[in-house]
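Visitor: Got a predicted structure here, sequence first:
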Amino acid sequence: MNRRDFVGLTGLGATALLLPSLPGFGAKLVDPSRLLEPGADTILKKRLADAALNAAKSAGASYADVRIGRSLNQYVFAREKQVQNIVSTESYGVGIRVLVNGCWGFASTSVVTEASLAATARLAAEIAKADAKVQKEPVQLAAQKGYGEVNWKTPIQQSAFEVPVKQKADLLLAANAAAMDAGANYINSALFQVNEQKYFASTDGSYIDQDVHRLWPTFNVTAVDTKSGKFRSREALSAPVGLGYEYLTPSAAEQVRGPQGTDTVGYKLRYDILADAALAGKQAKAKLGMKSVTPGKYDLVLDPGHLGLTIHESVGHPTELDRVLGYEANYAGTSFATLEWKAKGLPYGSKEVNIVADKLQTGSVGNVGYDDEGVKTKEWDIIKAGKLVDYQKIRDQAHIVGQKESDGCCYAQSWEDVQFQRMANISLKPGPTPLSVDEMVSKVDKGIYIAGAGSFSIDQQRFNFQFGGQLFFAIEKGKITEPLEDVAYQSNTQEFWGACAGSCDERDYRLFGTFFDGKGQPAQVSSVSHGSATTRFNGVNVINTARKV
Amino acid sequence: MAILSKDDAQAILKKVLSYSTADACTVGLSGRTAGNIRYARNSVSTAGAQDTVSLTVESSFGKRSGIATCNEFDDATLRRCVQRAEEIAHLAPESPEYMPPLGPQTYLNPPSAATTPLTPAGRAQAAADSMTLCAAKNLAAAGFLDGGTRFTALRNSKGLEAYQQSTNTDFSVTVRTPDGRGSGYAIADVTDVSKLNTKALTQRAADKATGSLNAKAIEPGKYTVILEPAALMAGDDLSLLGGLMYGLDARSADEGRSFMTKKGGGNRKGEKLFDERINIYSDPMNAEVPGQAFDGDGLPARRMNWVEKGVVKNLYYSRFWAEKNKVAPTPFPSGFIMAGGTQSTAELIKGTAKGILVTRLWYIREVDPQTLLYTGLTRDGTFYIENGAIKFPIKNLRFNESPIIMLNNIEAIGRPVRLAGCLVPPLKIRDFTFTSLSDAI
């Protein structure tokens, strides 16, 4: 992925003219009120789609799909006492994919008329015919029954676009003030709001209308000690969610306390940005004087807001079938979990490790009713009791692993980009027996508790990785003793998951997520969530990252 | 619309400005006509074309600004775009960091390419040259070629006028052995597409792939390394030199949150931070890497020394931060040039008793912004050097290293080559810190 955009988010506020180049936000800038206007109705969209499908069939397509997309975005950026930017964008157009002579062709247009769509379908067919001449392996598409006219909407209580811009800006400014009052020197905060209005039609007889909403409030707080020149930051412990503005209404029932002695709070499907910002200000300041970790082997107790990123890199990516087969070799790389490796039945992890893929979880950013090639979404097993049992695949990949149906994880970042296999939510199942985080910590003799995601890096076949975090606490003889700094752990995917000693129960289950998972050339971004409960890993190698320069 | 000439672009911008009723208005027009082809497993996977032109209008009333864009150019649409920017400006909060538009400026005229970018057939041929070579050797190629022409034009209500057109083509290829035990990589970007040879680049990647078979494990630790340019700079991700250069920002240093922050306050501009052989500058007129003549505000780019004899000579100052600190603004350049010597990578290897040759570093992420400590891994061709020659391939390694430390441990600087719009020499560095082994190939 081009993670530079993900990592550098909080620095974006100052460069308004560059914002359309942010992945997933490349669109026309519009007045906020525009985001509340309804798009074209389904009767019109069906007529447009049929024009394209008929043109594709006349041009020789054995299969075709049409995606009429309207994507609306708004982002608000603030730092300290000022709002830096409020930007609203709209993008509307159509992408048409056709299968001719066993080869894919794709074309898109922003001119949404029947004549334009028919011409675009013919162009896609021409491209397919040209490429079919050098095609070695004709596309084999898994059969898919048409669903007729159906619709789906993210189960939101309040659209973020209906909330006045001023109210949203004021909330960020209040969070900034809370962090500054608690001891921060600087804070950058942002609120990302996304609405994808997607209409999908295919020659299978599906006409699927979907209204997808996502939201992400986030910030980065910095404390500075001018005398020593030292500075430390703490990022928000929120997650990008498939929810409406109700995510920003605090609820005690949706808060999870960290282990006793850590003063940390995790969030489920409701977030308290003011409380988190105040805590972040306090913790960033405290980080200026924390003890530096002694490197060595530790039992790690990993909070879901941290573990989600490790799951993403070490399980999500290596089990994407296109990576396994070599289609991403020139960019993000391949995978150790090849078909041959899977056939050997070697353990991916300990028997405690049960990992599922899904696009169904309420509140997850991967949640949709149907994917971008007209397949109803589902949940399926990836790792069962430590063994790899399946991959993530779409319609033209199912036959490669001897299966008859897609997993429903095909996605394009916009109507103008071609859809391809993208990561579903990949989540670690919580432990089957009741276990609180305090009970888990009480059994650790020498360990470190880590909350929040930090620095991350993994090799191109997903063996060797290194992760940092936001907050670290030493565990000695079953008790949290003191906060630590300069912590990162290095491990190997199979060794790490092999050292998994179990998870807390479902009361502790939470989602981590990202808006900017990158893949493909030209690169496309995708949103994905990763659920887990706090989980223990024994004997992991911890390094000290402090340096003198 | 395709690529607009200077006169056509300025005529549109002039018309747009005539519709403005704001206190100040800046209009920008930019477009790109380009195409790409992607392949894997010696077969084309996707191909696409891009033809876009976009207008951006920024209108300001006092310190309130609004931005709107459009991609249609009839009079009614242009008028609406200006109106929308003005409406948004009226709704926006006042920005304490607002800067009024610049007046007229003089710009350099960077050299442009003599050739036009590749046609779809030309791109297909360039990819075929790469795939055919690999298929004949029973190797698998995965590559991406993307090239085209872009233009940028600016105009504002204070009389500023700017225009530039440029071409660029990027190519990269990863070659793997059929058993997955060897992998090699090559990358190039050119202004003049006649200088792009996908066959020669694929040959280089193929040699690295077959040469990296049967890699041996060595103990992680501190080693002398020769970092090829692709291990120092990347166009599509963080890199050791890119990370260092992007970090030379005055504001974050002055605010106390950068490796350029001075103890007790202020920044470290003027301090010697690196080996005295380190010289890094930017020059939009360089024939090999012609740069942008102006930045998004219309500030003119000039030749600028960033690091001279190991001393940090300049930091980036935005117009706001420059005014606040009563210094001249320094725009962020479109590329860097790290001065070097005359030795090629092969010659650097000849002069090395013991060391490691690194083709490429990957998945580089910042571990500590205070010290600019980065982690990442070697990839696609890592070799052990003994007595001036490559002895055997070695397994990939993870590093934890800061470019600040690295540029103090310089043994030799080779001849710069173009990479990601920059000129970067291969570097021979002692005591480069590897912290663990990876099984990845």
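Guide: Nice, I can see it.
Visitor: Do a quick rundown of the helices in the stretch 151-300 of chain A.
Guide: With DSSP state H, counting those that start in this stretch as the criterion, the stretch 151-300 of chain A has helices at A:165-181, A:273-287.
Visitor: Repeat that for chain B.
Guide: Along chain B, the stretches classed as helices by DSSP state H are B:6-18, B:75-91, B:120-136, B:198-211, B:240-246, B:250-254, B:319-324, B:345-350, B:403-406.
Visitor: now do the stretch 1-150 of chain A
Guide: For the stretch 1-150 of chain A, helices defined by DSSP H, counting those that start in this stretch occupy the ranges A:4-7, A:42-58, A:114-132.
Visitor: The strand ranked longest in chain B to helix B:75-91, inter-axis angle?
Guide: Using DSSP state E to define each element, chain B has its longest strand at strand B:43-61. Going by axes from the mean of the first three to the mean of the last three Cα atoms, to 10 degrees, strand B:43-61 is angled at 60 degrees with respect to helix B:75-91.
Visitor: quick check: angle from strand B:43-61 to helix B:6-18?
Guide: 40 degrees.
Visitor: phi, psi of the spatially most central residue of chain A?
Guide: Closest residue to the average C-alpha location of chain A: residue A:528 at 2.5 Å, with Cα atoms, centre = their mean. Backbone geometry at residue A:528, expressed as degrees, to the nearest 10, gives phi -150, psi 140.
Visitor: in chain A, which ranges drop under the pLDDT threshold?
Guide: Where chain A drops to pLDDT under 70, the residues are A:1-36.
Visitor: Please list the residues of the stretch 101-250 of chain B that sit near chain A.
Guide: B:128, B:140, B:142-144, B:146, B:172-174, B:176, B:180, B:183, B:236-238 (Cβ under 8 Å from any Cβ of the partner chain). Yep, even glycine has a C-beta here, placed from its N, CA and C like the rest.
Visitor: For residue A:49, state which of those residues is nearest.
Guide: For those, the closest approach to residue A:49 (Cβ to Cβ) belongs to residue B:146, at 30.6 Å.
Visitor: What is the burial count for the nearest residue to the closest one once chain neighbours are set aside?
Guide: Once flanking residues are discounted, residue B:146 sits nearest to residue B:36: 4.0 Å by Cβ to Cβ, 6 or more residues apart in numbering or on different chains. Using other Cβ atoms under 10 Å in any protein chain shown, residue B:36 has 21 other residues around it.
Visitor: List the contacts of residue B:36.
Guide: A:521-522, B:47-50, B:123, B:144-147 (Cβ atoms under 8 Å, 6 or more residues apart in numbering or on different chains).
Visitor: re earlier: save the helices of chain B as a markdown table, and put in mean pLDDT too.
Guide: Listed next are the helices of chain B as a markdown table, based on pLDDT from 0 to 100:
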| stretch | mean pLDDT |
| --- | --- |
| helix B:6-18 | 97 |
| helix B:75-91 | 90 |
| helix B:120-136 | 93 |
| helix B:198-211 | 98 |
| helix B:240-246 | 93 |
| helix B:250-254 | 96 |
| helix B:319-324 | 96 |
| helix B:345-350 | 98 |
| helix B:403-406 | 98 |
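Visitor: mind giving me TSV with the ones you listed and columns for distance to residue A:107 and mean neighbour count?
Guide: Conversion of the helices of chain B to TSV gives the following (distance: least, Cβ to Cβ, whole Å; neighbours: other Cβ atoms under 10 Å in any protein chain shown):
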stretch	distance to residue A:107	mean neighbour count
helix B:6-18	27	16
helix B:75-91	24	18
helix B:120-136	13	19
helix B:198-211	26	20
helix B:240-246	35	22
helix B:250-254	44	22
helix B:319-324	42	17
helix B:345-350	43	17
helix B:403-406	44	21
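Visitor: circling back to that earlier point, output the helices of the stretch 1-150 of chain A as JSON lines; include the columns mean neighbour count.
Guide: Compiled in JSON lines, the helices of the stretch 1-150 of chain A are given as follows (neighbours: other Cβ atoms under 10 Å in any protein chain shown):
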{"stretch": "helix A:4-7", "mean neighbour count": "17"}
{"stretch": "helix A:42-58", "mean neighbour count": "19"}
{"stretch": "helix A:114-132", "mean neighbour count": "21"}
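Visitor: For those helices, please prepare JSON lines with the additional fields distance to residue A:152.
Guide: Shown next, in JSON lines, are the helices of the stretch 1-150 of chain A (distance: least, Cβ to Cβ, whole Å):
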{"stretch": "helix A:4-7", "distance to residue A:152": "27"}
{"stretch": "helix A:42-58", "distance to residue A:152": "13"}
{"stretch": "helix A:114-132", "distance to residue A:152": "23"}
